[in-house]
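Trainee: predicted structure and sequence below. I'll ask about it afterward.
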Amino acid sequence: MSIETPTSSGSPLPGGTVPAKGLRAGILDLGDSVMLGMASTAPVYSLAATLGLIVALNGDYTPLILVLGFIPVLLIAYAYRELNSAMPDCGTTFVWARKAFGPWAGWLGGWGVALAGIVVLANLARVAGQYVWLLVGDGSLAKNTWLVTGTGVAFLALMTFVNYRGIRLGEHVQRTLTYIQYISLGIFALALMIAIGTGSAGTITPFSFEWFNPAGAFTDPGAVMQGVLLALFLYWGWDTCFALNEETENPAKTPGRGAVLSACVLLAVYTAVTLLVLMYAGSGTEGIGLGNSGNESDVFLAMKDVVLGPWGWLIVVAVLASALSSTQTTILPTARGTLSMGVHGALPQAFAKVRPDYQTPGFSTRVMGGAAIAYYVVMTALNRNLLADSISALSLFVAFYYALTGFACVWYFRGTLRDSARNLWFRGILPLLGALSLTAAFVISAVQMWSPGYGASTVFGIGGAFVSGVLLLLLGVVLAVACRFAPSTREFFTRKPVPAK
């Protein structure tokens, strides 16, 4: 039996050093990077669960909203690319924020990445558990809370095991799940095109360039802002490419290309499918209309039998495969983030250990999988509404660490911004615009979540999403303080910082 070995002493490392961690270097190519970046967003499930909400706010202008939501994502992707080219460390935001702003910012950035991963894993487990039972009989078993929870826990454990056993096994599993969801989505899209082209869909909403007209959309700026906030997080997950940088060919360059490509492909897929669905079903509030509040939780599920007839189960399979693939690819970056924190001395040395036979962060992978399982089960037992609200608060966690990364890029490279126009734009202006827009998204989301009418629960008259989001972020501060005084991690906080560039 192989024993996990530490990849460093756990002491903080100097300057721009990227320590070898024992991961399997060079195993992933550009194609793998793009595939993993796309899969991490759970594209089929994300679109199915979010499209109805955006249509309810913005109607026929939904395609424009998807484009607007993509812009801050692309700006932050450039920040990731530039920082990764200088420091291709799997700790990503943790390492980069530490180099730019010091240990406290780095530690909290790492917490933001881990926290977002743990919370979304609970949601993905719930979705996978629910959809597998929708395939059985009349689907009524999907309403059994503890059957769904037990199934979700089993899926989480399985995907944790897959990641534990090695990046190549995980890549094979991921490729299979990606093929399943995109082939199923492709069949769905083809059926929509045939129905629209032949007129067999009944009343068709003809395509209009007005759907992309900002002047029309911004007659209600508040609705546009809320829609963009929803669309913004449809793209979350592409940064998995960077968390796997040390296992990718040309780690300083390939992850950046993979992330930008995967984000652009997602934009194309989201926009194309949205246009087809909008033309087929319309934005009305009756029947399968995308504005029907009864269909908001999954517009594809509401349309599957009408579009595909007896083959409607393919959409259920697509959403299930989407949730499972995202479960696996979400464990990957969170485990590698805490591995890096262990190697740099920000977490106890156990987190710095890898399995030499599998070349994976064994301890970190088990901890992340176990934390997600515990969070899912405990929150389900306490109050399912609180679980739903904590998932709603995900936007706070993602906006926090994305914005921190954008600001870190500008500050770390501030001395090089005048060297060339390229540096000024890609290391300065674009990351700063992305960081500012995501900071605004954080504030706006927090204000919306404060309202007791937001979400499914309230705590002392305050929205449960706000309370759970703030408490979980503050938990990171408490843990950081504990690490500051713990003997094994104290040096990380007290070592003299290396000046940013």
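Mentor: Sure thing, it's come through. Model, not experiment: these values are computed from the prediction.
Trainee: elements contacting the strand or helix carrying Ala435?
Mentor: Element membership for Ala435 (DSSP states H and E) is helix 430-450. If you count contacts as 3 or more C-beta pairs under 8 Å, 6 or more residues apart in numbering; DSSP states H and E, helix 430-450 packs onto helix 62-86, helix 221-232, helix 394-412, strand 462-463, helix 464-485. The way it works is simple: take the backbone N, C-alpha and C, and place the C-beta from them, glycine included.
Trainee: that one to helix 221-232, inter-axis angle?
Mentor: Orientation check (axes from the mean of the first three to the mean of the last three C-alpha atoms, to 10 degrees): helix 430-450 against helix 221-232 gives 110 degrees.
Trainee: hmm, who's touching helix 430-450?
Mentor: 71-76, 78-79, 82, 225-226, 228-229, 232, 392-393, 395-396, 399-400, 402-407, 409-410, 454-455, 462-463, 465-466, 469-470 (C-beta atoms under 8 Å, 6 or more residues apart in numbering).
Trainee: helix or strand right after the helix or strand encompassing Leu324?
Mentor: Leu324 is part of helix 313-343 when elements are defined by DSSP H and E. Reading on from helix 313-343 to the C-terminus, the next helix or strand found by DSSP H and E is strand 353-354.
Trainee: can you give the distance from stretch 186-201 to the centre of its chain?
Mentor: 30 Å (C-alpha atoms, centre = their mean, to the nearest Å).
Trainee: what residues does it touch?
Mentor: 204, 272-273, 276-277, 279-280, 300, 304, 307-308, 311, 314-315, 318.
Trainee: in that stretch, which residues are buried?
Mentor: Using 16 or more other C-beta atoms under 10 Å as the test for burial, stretch 186-201 gives Ile187, Phe188, Ala189, Ala191, Leu192, Ala195, Ile196, Ala201.
Trainee: I'd like the mean pLDDT over it, please.
Mentor: For stretch 186-201, mean pLDDT rounds to 89.
Trainee: pull the CA atoms of that stretch into CSV?
Mentor: What follows is stretch 186-201 as a C-alpha-only set of coordinates in CSV (Å, rounded to 0.1, in the frame of the first residue of the first chain):
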residue,chain,number,x,y,z
GLY,A,186,-27.2,18.3,-29.9
ILE,A,187,-30.2,15.9,-30.6
PHE,A,188,-32.4,18.3,-28.7
ALA,A,189,-31.2,21.3,-30.7
LEU,A,190,-31.6,19.4,-34.0
ALA,A,191,-35.1,18.5,-33.1
LEU,A,192,-35.8,22.2,-32.4
MET,A,193,-34.3,23.2,-35.7
ILE,A,194,-36.4,20.6,-37.6
ALA,A,195,-39.6,21.7,-35.8
ILE,A,196,-38.8,25.4,-36.5
GLY,A,197,-37.8,24.8,-40.1
THR,A,198,-40.9,22.6,-41.0
GLY,A,199,-43.3,24.6,-39.0
SER,A,200,-44.4,21.6,-37.0
ALA,A,201,-43.9,23.5,-33.7
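Trainee: any buried residues in stretch 405-422, and which?
Mentor: Thr405, Gly406, Phe407, Ala408, Cys409, Val410, Trp411, Tyr412, Phe413, Leu417.
Trainee: now render these as TSV, adding distance to Val113 and pLDDT.
Mentor: As requested, those are exported to TSV (distance: C-beta to C-beta, whole Å; pLDDT from 0 to 100):
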residue	distance to Val113	pLDDT
Thr405	10	98
Gly406	14	98
Phe407	15	98
Ala408	13	98
Cys409	16	98
Val410	19	98
Trp411	19	98
Tyr412	18	97
Phe413	21	98
Leu417	26	97
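Trainee: what would those look like in a markdown table with distance to Arg126?
Mentor: Formatted as a markdown table, the buried residues of stretch 405-422 follow (distance: C-beta to C-beta, whole Å):
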| residue | distance to Arg126 |
| --- | --- |
| Thr405 | 28 |
| Gly406 | 31 |
| Phe407 | 33 |
| Ala408 | 33 |
| Cys409 | 35 |
| Val410 | 38 |
| Trp411 | 38 |
| Tyr412 | 38 |
| Phe413 | 41 |
| Leu417 | 45 |
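Trainee: max pairwise distance over the residues you listed: which two?
Mentor: Thr405 and Leu417 (16.9 Å; C-beta to C-beta).
Trainee: and the gap between the closest residue to Gly150 other than its chain neighbours and Asn295?
Mentor: Excluding its sequence neighbours, the residue lying closest to Gly150 (C-beta to C-beta, 6 or more residues apart in numbering) is Gly129, at 7.4 Å. Distance, Gly129 to Asn295, using C-beta to C-beta, to the nearest Å: 21 Å.
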